[in-house]
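> below are the sequence and a predicted model; questions follow.
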Amino acid sequence: MGKMKGARLRIARSKVFVAVGASALALGGVAVSGAVSASTTANTSPIVYQVNPIAIQASSSLSANGFDPATCIAQVGLACYGPSQFHAAYRVPWKINGQLAGTGEQIAIIDAYGSPTVASDLATYDAEFGLPPAKLNIYYPDGQPTYNPLQHAGETGWAEETSLDVQTVHDLAPGATINLIVASSPNGNDLNVAERYAVSNHLGDVMSMSFGAPEAAIAGGGNNLQLTQADSIYQQAAAAGISVFASSGDSGASAGYATANASFPASDPNVTSTGGTDLFLNKKGGYGSEYTWNDSDPATCPFGCAYGTFGATGGAPSVVYSAAPYQSAVSGMSARTTSDVSFNASVYTASMIYLGFLGAGQNNFYFFGGTSEASPAWAAITADLDQAVVEAGGHDLGQLNSTLYSLASNPKTYSSDFHNITVGNNQLPYPTAPGYSAGKGYNLPTGLGTPIVSGLLNSLAPSATLSFTQP
């Protein structure tokens, strides 16, 4: 994708602690909960996970104007959203009970390869948008990889993903501690090591994974050894009270296959799957409306669709897992279905993210899209919810799906806590590919919808005091 230039640089302090060491973590083959496969013979084929951050470089003039969304739309044909827009649209408080949102909570982010400039990129992002310095720790359970995109074809994308994840989390939970756990490669064994390290050491009250593999690409399906090992980690996380999130995908319902196709780990029943939308603001800068993210549908591709198709949200039935009763009650399907919830993910309604490892003329802010934005966003929001619940005398929410579907089953809390997305579909390409339409209540492309965080806080911690003024 294209790049952008011209951001002003004001360094805020970030703390980085690097834990380097070999780690041969035992990953036992625990049976998959809810699996629908019949065979008991383990398939040892590897899983190679992918990320798909979508980035377009912006101009220095847009940075100088403070990334005003209306100016970006007029000049570039893309909206440019920063922390103030997301806090206003989704009613995310800046402070809870007088402290920065997320205070006292830890957020674990899992990525492969990492980024050589993740800390300085975050500092530049914070300076641009007036955020407080972040509390960032970095862990390398299998040793620190050397950044070398010539050696690994996907390494630049993973570095972009790392910056997107970290900056999104700090935007929505500015008081939380961010623990970035970096795998040595995107192979299933290596990412499993990083996930197990994060869970075993409780490096997060929530954990975000902005990567996935289509279930059709996983040899052996529910009998794949790396899949069953990952599932055992998510079961361990649930038992430890850790909420886990993963992106539902950026290639529509089919992920490029001839049939509908869920993405793993988003399809795991102990993971909350995050889909994507196009978010539009009203004239006052608050929430206006949302569509299902699908650039290939001319009815929903925004602002004249000048750049063509970037992608569409995932969302499909799993062929590996059956639905938990709380989900089948609202989906009407016996299979586990993704997505569970959604967040803005279109590059046409972009999140502005800073990249500093691309070299002269290319280090700058970028318009970003993809459901890989939605996973860290919901992880950060859940850290905010955890803070309020804990301060009210409760405990971290842990496995979140049952809580979310319980809130949605009550018409009053559903309308106060979620934006129900009723427009669009996830057929990519539209209209010939398999896909599903948005609609009233739960739907596969956007799940229960996008968050009204003030409503969720009122439902889960009604005594919490909220401030929506940026400090």
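Nice, I can see it. Numbering: from 1, shown residues only.
> contacts, neighbours, all on C-alpha from now
OK.
> in contact with the most centrally placed residue in the chain, which residues?
The residue lying closest to the centre of the chain (C-alpha atoms, centre = their mean) is residue 375, at 1.4 Å. By C-alpha atoms under 8 Å, 6 or more residues apart in numbering, the contact list for residue 375 reads 208-210, 245-247, 273-274.
> doesn't it belong to a helix?
Yes: using DSSP: H, G, I helix; E, B strand; the rest coil, the assignment for residue 375 is a helix.
> any idea how far it lies from residue 95?
22 Å (C-alpha to C-alpha, to the nearest Å).
> cool, residue 341 as well?
Per C-alpha to C-alpha, residue 341 is found 24 Å from residue 95.
> neighbour count for the two, which is higher?
The neighbour comparison of residue 341 against residue 95 (other C-alpha atoms under 10 Å) goes to residue 341, with 30 against 22.
> surely the more buried one touches residue 450?
Yes: using C-alpha atoms under 8 Å, residue 341 makes contact with residue 450 at a distance of 6.0 Å.
> who's in contact with stretch 352-366?
Contacts for stretch 352-366 (C-alpha under 8 Å, 6+ apart): 3-7, 55-58, 63, 80-82, 115-117, 120-122, 124-125, 160, 163-164, 167, 367-368.
> for the stretch 201-350 of the chain, which segments are assigned as strands?
Per DSSP state E, counting those that start in this stretch, the stretch 201-350 of the chain carries strands over the ranges 206-209, 213-214, 243-247, 263-264, 272-281, 287-292, 317-322, 335-337, 341-344, 349-355.
> with mean pLDDT added, can I get these in CSV?
As requested, these are arranged in CSV below (pLDDT from 0 to 100):
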stretch, mean pLDDT
strand 206-209, 98
strand 213-214, 98
strand 243-247, 98
strand 263-264, 98
strand 272-281, 98
strand 287-292, 98
strand 317-322, 98
strand 335-337, 98
strand 341-344, 98
strand 349-355, 98
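> distance of the residue nearest to the centre of the chain relative to residue 194?
Distance of residue 375 to residue 194, computed by C-alpha to C-alpha: 17 Å.
> now residue 144
The spacing between residue 144 and residue 194, counted by C-alpha to C-alpha, is 12 Å.
> now do residue 284
Distance from residue 284 to residue 194, by C-alpha to C-alpha: 43 Å.
> cool, and residue 270?
17 Å.
> and if you look at residue 309?
Distance, residue 309 to residue 194, by C-alpha to C-alpha: 33 Å.
> just want to know which of the two has more residues nearby.
A count of neighbours by other C-alpha under 10 Å puts residue 194 above the other of residue 309 and residue 194, at 27 against 17.
> what about the closest residue to that one other than its chain neighbours, how many residues nearby?
Spatial nearest neighbour of residue 194, chain neighbours left out: residue 183 (5.4 Å); criterion: C-alpha to C-alpha, 6 or more residues apart in numbering. Neighbourhood size, residue 183 [other C-alpha under 10 Å]: 27.
> likewise for the one 5 residues further on?
Residue 188: 21 surrounding residues under other C-alpha under 10 Å.
> surely it touches residue 47?
Yes: with contact defined as C-alpha under 8 Å, residue 188 reaches residue 47; the gap is 4.9 Å.
> now do the shared contacts for those two.
The contact sets of residue 188 and residue 47 overlap at 226-227 (C-alpha under 8 Å, 6+ apart).
> residue 67 is in contact with residue 81, correct?
Yes: with contact defined as C-alpha under 8 Å, residue 81 reaches residue 67; the gap is 7.2 Å.
> after the host helix or strand of residue 168 comes which helix or strand?
Under the criterion of DSSP states H and E, residue 168 resides in helix 155-172. Using DSSP H and E, the helix or strand that follows helix 155-172 in sequence is strand 177-183.
> pull the residues that contact that following strand.
Counting by C-alpha under 8 Å, 6+ apart, 103-114, 134-142, 144, 166, 169-170, 190-191, 193-195, 198, 203-204 sit against strand 177-183.
> okay, it in PDB with CA atoms only?
C-alpha atoms of strand 177-183 as PDB (Å, rounded to 0.1, in the frame of the first residue of the first chain):
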ATOM      1  CA  THR A 177       0.100  -1.500  31.200                       C
ATOM      2  CA  ILE A 178       0.800  -2.900  27.700                       C
ATOM      3  CA  ASN A 179       2.700  -6.200  27.600                       C
ATOM      4  CA  LEU A 180       3.800  -7.000  24.000                       C
ATOM      5  CA  ILE A 181       4.800 -10.700  23.700                       C
ATOM      6  CA  VAL A 182       6.700 -11.300  20.400                       C
ATOM      7  CA  ALA A 183       6.900 -14.700  18.700                       C
END
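> show the average pLDDT along that strand.
Regarding strand 177-183, the rounded mean pLDDT is 98.
> next, the angle from it to helix 155-172.
Going by axes from the mean of the first three to the mean of the last three C-alpha atoms, to 10 degrees, strand 177-183 is angled at 170 degrees with respect to helix 155-172.
> so which bits of strand 177-183 are buried?
Neighbour counts over strand 177-183 (16 or more other C-alpha atoms under 10 Å) mark 177-183 as buried.
> swap in stretch 328-337?
Buried positions in stretch 328-337, judged by neighbour count with 16+ other C-alpha under 10 Å: 331, 334-337.
> let's have these in JSON lines, adding distance to residue 51.
What follows is the buried residues of stretch 328-337, written out as JSON lines (distance: C-alpha to C-alpha, whole Å):
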{"residue": "331", "distance to residue 51": "27"}
{"residue": "334", "distance to residue 51": "29"}
{"residue": "335", "distance to residue 51": "25"}
{"residue": "336", "distance to residue 51": "22"}
{"residue": "337", "distance to residue 51": "21"}
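> return the member of those nearest to residue 441.
Set against residue 441, the nearest of the buried residues of stretch 328-337 by C-alpha to C-alpha is residue 331 (9.0 Å).
> can you pull the pLDDT of that closest one?
pLDDT recorded at residue 331 is 94.
> what segments of the stretch 201-350 of the chain are helices?
225-239, 325-331 (DSSP state H, counting those that start in this stretch).
> most packed of those helices?
Most buried of the helices of the stretch 201-350 of the chain, by mean neighbour count (mean count of other C-alpha atoms under 10 Å): helix 225-239, with a mean of 23.
> using PDB, list the CA coordinates for it.
Output in PDB follows, covering the C-alpha atoms of helix 225-239 (Å, rounded to 0.1, in the frame of the first residue of the first chain):
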ATOM      1  CA  LEU A 225      -2.100 -30.600  16.800                       C
ATOM      2  CA  GLN A 226      -1.200 -26.900  16.700                       C
ATOM      3  CA  LEU A 227      -4.900 -26.000  16.800                       C
ATOM      4  CA  THR A 228      -5.600 -28.300  19.800                       C
ATOM      5  CA  GLN A 229      -2.600 -26.900  21.600                       C
ATOM      6  CA  ALA A 230      -3.800 -23.300  21.000                       C
ATOM      7  CA  ASP A 231      -7.300 -24.300  22.200                       C
ATOM      8  CA  SER A 232      -5.800 -25.600  25.400                       C
ATOM      9  CA  ILE A 233      -4.100 -22.300  25.900                       C
ATOM     10  CA  TYR A 234      -7.400 -20.400  25.500                       C
ATOM     11  CA  GLN A 235      -9.000 -22.800  28.000                       C
ATOM     12  CA  GLN A 236      -6.200 -22.000  30.400                       C
ATOM     13  CA  ALA A 237      -6.800 -18.300  29.800                       C
ATOM     14  CA  ALA A 238     -10.500 -18.700  30.600                       C
ATOM     15  CA  ALA A 239      -9.700 -20.600  33.800                       C
END
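> nothing else from me, thank you.
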